[in-house]
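>>> Everything below, folded, please.
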Amino acid sequence: MKPCSTARTRLNCCVAPRPSNPCFFWPKISRGELALQGQEGLAPPTHLSIAPGPRPDYMAHMLDVTPNRPDLPPEIARRRTFAIISHPDAGKTTLTEKFLLYGGAIQMAGQVRAKGEARRTRSDFMQMEKDRGISVSASAMSFDFGPYRYNLVDTPGHSDFSEDTYRTLTAVDAAVMVIDGAKGVESQTQKLFEVCRLRDLPILTFCNKMDRESRDTFEIIDEIQENLAIDVTPASWPIGVGREFMGCYDLLNDRLELMDRADRNVISESIEIKGLDDPKLAEHVPAHLLEQFLEEVEMARELLPKLDPQAVLEGHMTPIWFGSAINSFGVQELMTGIGDFGPEPQVQSAQPRKIAPEETKVSGFVFKVQANMDPKHRDRVAFVRMASGHFKRGMKLTHVRSKKPMAISNPVLFLASDRELAEEAWAGDIIGIPNHGQLRIGDTLTEGEALRVTGIPSFAPELLQGIRAGDPMKAKHLEKALMQFAEEGAAKVFKPMIGSGFIVGVVGQLQFEVLASRIEMEYGLPVRFEQSQFTSARWVSGSQQAVDKFVNSNKQHISYDHDGDVVYLTRLQWDIDRVDRDYPDVKLTATKEMMV
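A predicted model of the protein is given here:
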């Protein structure tokens, strides 16, 4: 039986080198068509797997994307700073917990929805996160695994907290995208992926929950390629699915990884295999699963591009690992992959020049401020991403915005809400600096040079509500609490020019609940939110004279944010159109960059 000509054309098109156009998608091809092509004797493309053993020299050199840059000091080169992103409930926090287990940072992994005496997860440390089983704030963790030092940030998945996630992505060099095996690419995954693409972040993919009923492996890969316009290459391949899922075959190292369902804290059993025709495979895998697995791997090697470390670093290709985070399966392979294929600390964009990690002078920038991590001490910790140099405890750094020196005497390393004193830190590390309000999001710290790191966004809120303290005598306490949360970036707080009280602006409804709950727990202040006549806010920019004229003519719409910047509150789109028409010298913007 001869295959139809279209099948041949489509397969040839799949095997041929892919054009560099990012909008090009792999055409779909059915298994039947592939089987027909196999009968024609078409030679498969080059073997996908990379030989086991030490990594070849050329890989180490390829990690430096910019040519003619000096080699990084070994201590900086071993840093891997990455964030975990995904749609809510794909398993980010569970995966984070297993990273800590494998890194030796904790002895027993906690659970997001822990019952009774079971441990809670480390990264969800707020009371509300524990109660609801969701992450509402990004948390940072540092630990060693193998030769590498990992700085990991667990981000909230819910779109209501996306601003925190966007800011976090400015402080990392790569992202691990977690996908639910049953649901594939979801809306929030797609939004966050677009943010990573704008910043050219390398992405590594982990397909989670393979121990539950999930979709066909090719279907998942196909969906990632079509929806996200990125090449996908399998680093491992699942054997069985759902109840029959028994493990994965590591395509990069020719190893069979078997999952133990009995103990969730046990590291998976690994068996060395000499290629797919090794008789050892048949001893461990049932015949019906083995036949299907061999057929799928053969198809994958013919249809999918092979792993190109340089394409991964440039953000054009993503390797995908399969596993089950709650069963501690597939996590170790993913961690090794982050070390091998993830980028070293990268150059940071700044004004008036970029900051390279190998520079000897220390510099860093604040990407997040967390108030009251320890409710007993009313503390505020600024999360600082080190951009260059070798920092030592007690150093004096210049706070660029205020031009004042700061002695950093008690910097901390994080394991979520647990902290230890940091004696030193290198470019790529994330450290915490306890302070009393001097440090804000977007601030840069240097050894004297006036550099300002750019690209940390602040978005216009989409929901506005008035806020009142339950006890009118505590209005002053409420103001202090609101200013603290505004500096933390948890909400926008506006003080109207006319009238009393404050207007709170957030991106999603859930943030109001988080805010009310935190003000009550951390400050002992019950509050209530009231409907506001305004629906959106825009920052006002232009010459001083034009802005003053505009403010005097529109006092009922004007308010000031916690930085003292002028904000125009609107009721309808018509208000914005009117300003564009009547005040051409004034510009309204929906985002503000968080820096001087």
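>>> Mind listing what's buried along stretch 511-528?
Under the neighbour-count criterion of 16 or more other Cβ atoms under 10 Å, stretch 511-528 has 511-519, 522-523, 525, 527 buried. Just so you know, the C-beta spots here come from the backbone N, C-alpha and C atoms, and that holds for glycine as well.
>>> Next up, the contacts around the residue most central in space within the chain.
The centroid of the chain falls nearest to residue 83 when counting by Cα atoms, centre = their mean (3.4 Å). By Cβ atoms under 8 Å, 6 or more residues apart in numbering, the contact list for residue 83 reads 138, 152-155, 165, 168-169, 172, 174-176.
>>> Reformat the buried residues of stretch 511-528 as JSON lines; add distance to residue 359, pLDDT and secondary structure.
JSON lines is the format used below for those (distance: Cβ to Cβ, whole Å; pLDDT from 0 to 100; DSSP: H, G, I helix; E, B strand; the rest coil):
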{"residue": "511", "distance to residue 359": "38", "pLDDT": "79", "secondary structure": "helix"}
{"residue": "512", "distance to residue 359": "43", "pLDDT": "86", "secondary structure": "helix"}
{"residue": "513", "distance to residue 359": "44", "pLDDT": "84", "secondary structure": "helix"}
{"residue": "514", "distance to residue 359": "39", "pLDDT": "81", "secondary structure": "helix"}
{"residue": "515", "distance to residue 359": "40", "pLDDT": "86", "secondary structure": "helix"}
{"residue": "516", "distance to residue 359": "45", "pLDDT": "87", "secondary structure": "helix"}
{"residue": "517", "distance to residue 359": "43", "pLDDT": "84", "secondary structure": "helix"}
{"residue": "518", "distance to residue 359": "39", "pLDDT": "82", "secondary structure": "helix"}
{"residue": "519", "distance to residue 359": "42", "pLDDT": "86", "secondary structure": "helix"}
{"residue": "522", "distance to residue 359": "39", "pLDDT": "80", "secondary structure": "helix"}
{"residue": "523", "distance to residue 359": "42", "pLDDT": "82", "secondary structure": "helix"}
{"residue": "525", "distance to residue 359": "45", "pLDDT": "88", "secondary structure": "coil"}
{"residue": "527", "distance to residue 359": "46", "pLDDT": "90", "secondary structure": "strand"}
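>>> can you put those residues in TSV and add distance to residue 394?
Converted to TSV, the buried residues of stretch 511-528 look like this (distance: Cβ to Cβ, whole Å):
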residue	distance to residue 394
511	38
512	42
513	41
514	36
515	36
516	40
517	38
518	33
519	35
522	30
523	33
525	37
527	41
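>>> List just the nearest of those to residue 592.
Taking Cβ to Cβ as the measure, residue 592 lies nearest residue 511 of the buried residues of stretch 511-528, at 17.9 Å.
>>> Next, give phi and psi for residue 496.
phi -60, psi 150 (degrees, to the nearest 10).
>>> cool, and residue 439?
phi -90, psi 130.
>>> quick one: which helix or strand includes the residue nearest to it when sequence neighbours are not counted?
Using Cβ to Cβ, 6 or more residues apart in numbering and skipping the chain neighbours, the partner closest in space to residue 439 is residue 382 (3.8 Å). Using DSSP states H and E, residue 382 sits in strand 380-388.
>>> again with residue 221
In this assignment (DSSP H and E), residue 221 forms part of helix 217-228.
>>> do the same with residue 175
strand 174-180.
>>> Show me the contact partners of that strand.
Residues from elsewhere that reach strand 174-180, judged by Cβ under 8 Å, 6+ apart: 80-87, 89-92, 95, 169, 185-186, 189, 192-193, 196, 201-209, 214, 220, 224, 318, 325, 334, 338, 342-343.
>>> Count the residues that sit near the closest residue to residue 336 other than its chain neighbours.
Among residues not flanking residue 336 along the chain, residue 146 sits closest, at 6.9 Å (Cβ to Cβ, 6+ apart). As a burial measure, residue 146 scores 14 neighbours (other Cβ atoms under 10 Å).
>>> Relative to residue 179, how far out is residue 146?
Remark: distance between residue 146 and residue 179 (Cβ to Cβ, to the nearest Å) = 25 Å.
>>> now the helices: where do they sit in the stretch 401-550 of the chain?
475-488, 509-523, 544-553 (DSSP state H, counting those that start in this stretch).
>>> so residue 313 touches residue 202, yeah?
Yes - the pair residue 313 / residue 202 is scored as a contact, 5.3 Å apart, by Cβ atoms under 8 Å.
>>> Neighbour count: those two, which is higher?
A direct count of neighbours by other Cβ under 10 Å for residue 313 and residue 202 places residue 202 higher, at 25 against 22.
>>> is it true that the more buried one touches residue 311?
No - the criterion here is Cβ under 8 Å, and residue 202 misses it with residue 311 at 9.4 Å.
>>> give the contact list for residue 512.
With Cβ under 8 Å, 6+ apart, residue 512 has these contacts: 463, 465, 504, 506, 529.
>>> So which of those residues wins on neighbours?
residue 504 (25 neighbours).
>>> State which helix of this structure is the longest.
Determined from DSSP state H, the single longest helix within the chain is helix 287-303.
>>> Model confidence for residue 203, exactly?
Confidence at residue 203, expressed as pLDDT, is 92.
>>> what about the nearest residue to it once chain neighbours are set aside, is that helix, strand or coil?
What sits nearest to residue 203 in space, not counting adjacent residues and going by Cβ to Cβ, 6+ apart, is residue 318, at 4.7 Å. Assigned state for residue 318: strand (three-state reduction, DSSP: H, G, I helix; E, B strand; the rest coil).
>>> Go ahead and confirm residue 318 touches residue 204.
Yes - using Cβ under 8 Å, residue 318 makes contact with residue 204 at a distance of 6.3 Å.
>>> Mind listing the shared neighbours of these two?
Listed as contacting both residue 318 and residue 204 by Cβ under 8 Å, 6+ apart are 177, 312.
>>> Those two: which is more packed in?
Shown here are residue 318 and residue 204; by other Cβ under 10 Å, residue 318 has more neighbours (24 against 20).
>>> Look up the residues forming beta bridges with the more buried one.
Beta-bridge partners recorded for residue 318 (DSSP bridges): residue 232.
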